[in-house]
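Asks: Predicted model and sequence below, questions to follow.
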Amino acid sequence: MVVGLACLGAAFVAGCEKQVMDTDIVVIGGAEVRAVVERGEVRPSGSGGVRLLDCRTADRFEQGRIPGSINFRAEQLRSGDAGARLKDANMLIVYGENPASGTAKALVKRLMALDYPRVRWYAGGYREWSSLKLPVEGRDAAAGEGGGPPAGEDDRR
């Protein structure tokens, strides 16, 4: 009986989530993401600012990422702490490896369905960013591969 009620409750909550279509997604380009990074608007935590969400695997994230990004996977939305960290942002920019990243697109749609603020999809992803020789963090930066110089605090003015 209790299990039945729990399942019914879970179905009711899931059913209340709004439908998000591909046409609802706001796509932004590399120039816009670059401007956000260069203006120093990226904040991995705290109130306000922009959160750059890299939804690739932890290994790919450590290999190289857009400066200031946090590694965030859809399953983390179940954690109250993770959700609160995102709700405080002025904008969420999600990216994956490249435009074919179904994981990134799915995360964007999930965040939008849960009414997170100003969710955007950087469809070009890490591949586009690094091909433009823009600054990266991670092992790629240390090896001098995949982008421009690593972005340090002095570079984010």
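Replies: Here it is on my side, so go on. Note that this is a predicted model, so its numbers are computed, not measured. Numbers count the residues shown, from 1 in each chain.
Asks: Could you measure from A84 over to Q76?
Replies: Distance, A84 to Q76, by CB to CB, to the nearest Å: 12 Å. Bear in mind the C-beta positions are built from the backbone N, C-alpha and C, glycine included.
Asks: So which of those two has more stuff around it?
Replies: Q76 (17 against 9; other CB atoms under 10 Å).
Asks: Surely that one and A82 touch.
Replies: Yes: judged on CB atoms under 8 Å, Q76 makes contact with A82 at a distance of 4.3 Å.
Asks: what ranges do the helices span in this structure?
Replies: Listed in chain order, the helices of the chain (DSSP state H) span 2-16, 30-38, 58-63, 80-87, 102-113, 125-131, 139-143.
Asks: what sits up against the third one?
Replies: Read that as helix 58-63. With CB atoms under 8 Å, 6 or more residues apart in numbering as the test, helix 58-63 has contacts from 54, 69, 71, 97, 126, 138-140.
Asks: Mind telling me the two of those farthest from one another?
Replies: Farthest pair in the contacts of helix 58-63 (CB to CB) is E97 and R139. Separation: 15.6 Å.
Asks: residues contacting R118?
Replies: Contacts of R118 (CB under 8 Å, 6+ apart): 90-92.
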